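In: Predicted model follows, preceded by the sequence.
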Amino acid sequence: MRHSYVPPCLPDADITSLDLLLEKYTTRKKLRVFCCYFPQNTQQSNSQATFFEYLSDLVIKFPNDKFIVLGDFNVKDATWLHVPGGHITIVNTSYNNLVNQLFAFMTFTGFKQYNNIYNNNNRLLDLVLSNTVCVVNRTKPLALPEDGHHPSLVVKVESEKNNKYLRAPTRVVRCYHNADYNAVNDELSKIDWVEELSSEDITCAVGKFYFILNHIIDRIVPTKLVHENDKFPSWYSRSLIKLIKKKLKAHKKWKIYGRSSDYDRFSELRRETKRLEAECYDLFINKAENNIYSNSKKFWAFVKSKRSSNCIPDCMYYDDDTGSDGQMIANMFNTFFSSVFTADSNTRFSHDNLPLRYTQTFVVYHQYGKCL
């Protein structure tokens, strides 16, 4: 918890701001809260315009942050209408300058107004503006008697869930660049291909051909286990990941014991982590730019890593079925796609209708396709 970027100084208004930093492992979210009071006076319009401009710049600078702006705005002439989604919108957008600039601010930032509890005069003076879903309800007042112009409210904000995803299985990858190709050539030269394949039809011959090749590959080409890791970006090196883990341990140790020596160690590791992270990123960008024409795999891996999520949830639902592992989820997808797929019997293709000069070529290609 910390104070946010300092709001503008408005002598005729009162604005209190607070930032809540929500952090779990490598995921960091920030919730920016603003409590406002704009009294009715000749400077109200200018003060609100200045504050809205400040907020708009903040939203542009931090597009991933969540904002809640609530308080007494005293825009008494606004007419509100309930719309789907749990919020309400302004109907008379051009009634006066206060209404118009509030509507313009909400349109520009995408903020919604969630308070639909009117006061004794059937007006909404207290607004709850946010770019995340809020639920506003009545609550018991902190002091009696309650102000009839400003009913006591409680605002509930549902934080984003930390979804769990299926862990990618460990893959076996062949290291062809470390293979002994002289040994591969020796093994291939010992095979009498005519004897091995001449007595078979085309389907069995292709199958036997691949069986022989795979047998040689299994014996000569080395392998390694690859563990998928979505916790860190694709361009992080092993040394950087190890350094980050050391930094987290040092930070935890400092938080527990509070010793200056622990903080010095944590500060040193944090500084080294930032330096190495910048080096890894620059190295990755240079390699991606230089090799994008010959090998674009690293570039697209980086683009994929920028998505909010690249994984499948560890629990999915279809009708009354629940899948909690990879095989069950795959079967549910198979059930769904087979239910919406309709085979058109009129579009079946048969090589029996081909002219004779094409028939034999097509049959060979067809048999090869089945084997591959």
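Out: Yes, it's here.

In: Pop the domain breakdown of the protein in here.
Out: As assigned by automatic domain parsing, the chain contains the domains 14-157, 171-305, 316-371.

In: Highest mean neighbour count out of those?
Out: Burial of those is given as mean neighbour count (mean count of other C-beta atoms under 10 Å); domain 14-157 ranks first at a mean of 15. Heads up, the C-betas are built off the backbone N, CA and C, glycines and all.

In: which ones are touching the closest residue to residue 318 other than its chain neighbours?
Out: Nearest non-adjacent residue to residue 318, counting by C-beta to C-beta, 6 or more residues apart in numbering: residue 332, 4.4 Å away. By C-beta atoms under 8 Å, 6 or more residues apart in numbering, residue 332 lies in contact with 316, 318, 321, 323.

In: Ok, residue 216 next?
Out: Applying C-beta under 8 Å, 6+ apart, the residues near residue 216 are 184, 187-188.

In: One more: residue 106?
Out: 89-90, 112-113, 129.

In: and if you look at residue 117?
Out: Taking C-beta under 8 Å, 6+ apart as the test, what residue 117 contacts is 124, 136-138, 151, 153.

In: in this protein, which spans are helices?
Out: 44-61, 97-109, 181-189, 193-197, 202-220, 238-257, 260-291, 297-305, 326-340, 356-371 (DSSP state H).

In: Contacts for the shortest one, please.
Out: Outside of helix 193-197, the residues within contact range by C-beta under 8 Å, 6+ apart are 205, 208-209, 212.

In: Quick one: low-confidence residue ranges for the stretch 51-200 of the chain.
Out: The stretch 51-200 of the chain contains residues with pLDDT under 70 at 159-165, 168, 200.

In: can you give me the strands for it?
Out: 66-72, 80-83, 87-90, 112-113, 126-130, 134-138, 153-157, 171-174 (DSSP state E, counting those that start in this stretch).

In: Give me the helices and strands touching the shortest one, please.
Out: Counting by 3 or more C-beta pairs under 8 Å, 6 or more residues apart in numbering; DSSP states H and E, the packing neighbours recorded for strand 112-113 are strand 87-90, strand 126-130.

In: Now tabulate the ones you listed in CSV and tack on distance to residue 104.
Out: Listed next are those as CSV, based on distance: least, C-beta to C-beta, whole Å:
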stretch, distance to residue 104
strand 87-90, 10
strand 126-130, 13
